[in-house]
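A.B. asks: Can you look at this prediction? I've put the sequence above it.
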Amino acid sequence: MSDSESPIQVPCAGEEWCSVTTTASLIGKKWHPVIVHRLLEDGPSGFNELQEAVDGISSKVLSDSLEDLSEKRLVDRKVVNEKPVRVRYSLTDHGKSLRPVIEAMREWGNEHLAAAEDSAAV
């Protein structure tokens, strides 16, 4: 089993909630699921492409988020050109395995956001 395929070690309290808290600790920050979603939809992307695709994120927050996702082995950072420096970000196998989670989040949001809009119009 390679390093990118081995289980991610995240400490959590209480076995009953461990899987939920582990997943939340990996993608629970505001922009993390959005970045993972964009990489799932668009494939490997450069920093500027990601910033454009993730509307409203600052360069600093995107940089910090990509670093955090990389440390958590969800995103791979690859330098593709040294002068000028160009970096491509892609999902690791762990990151790609989040597809059903991200899709469920999108579906839930679509269902409930539409319901909220409908009730506001009444």
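C.D. replies: Ah, there it is.

A.B. asks: Now P100: which helix or strand?
C.D. replies: Taking DSSP states H and E as the definition, P100 sits inside helix 99-120.

A.B. asks: Just the mean pLDDT for that helix, thanks.
C.D. replies: Confidence over helix 99-120, taken as the mean pLDDT, stands at 80.

A.B. asks: And the pLDDT at the spatially closest residue to R106 that is not a sequence neighbour?
C.D. replies: Excluding the flanking residues, the one nearest R106 by C-beta to C-beta, 6 or more residues apart in numbering is H37, at 7.1 Å. (Glycine included, C-beta is placed from N, CA and C.) H37 is assigned a pLDDT of 96 by the prediction.

A.B. asks: Repeat that for S25.
C.D. replies: For S25, the predicted pLDDT is 80.

A.B. asks: which stretches of this protein have low pLDDT?
C.D. replies: Residues of the chain that meet the criterion pLDDT under 70 lie in 1-5, 7-17, 114-122.

A.B. asks: try 90 this time
C.D. replies: The model of the chain has pLDDT under 90 over residues 1-30, 81-85, 108-122.

A.B. asks: the strands in it, which residues?
C.D. replies: Ranges of strands within the chain are 45-46, 75-82, 85-91, based on DSSP state E.

A.B. asks: what's the first one in contact with?
C.D. replies: I take that to be strand 45-46. Contacts with strand 45-46, where a contact means C-beta atoms under 8 Å, 6 or more residues apart in numbering, come from 38-39, 53, 86-90.

A.B. asks: run the last query once more with 10 Å
C.D. replies: Judged by C-beta atoms under 10 Å, 6 or more residues apart in numbering, the contacts made with strand 45-46 from elsewhere in the structure are 35, 38-39, 51-54, 80, 86-90.

A.B. asks: buried subset of those residues?
C.D. replies: Using 16 or more other C-beta atoms under 10 Å as the burial test, the contacts of strand 45-46 include 35, 38-39, 51, 53-54, 88-89 as buried.

A.B. asks: Okay then, goodbye and thanks.
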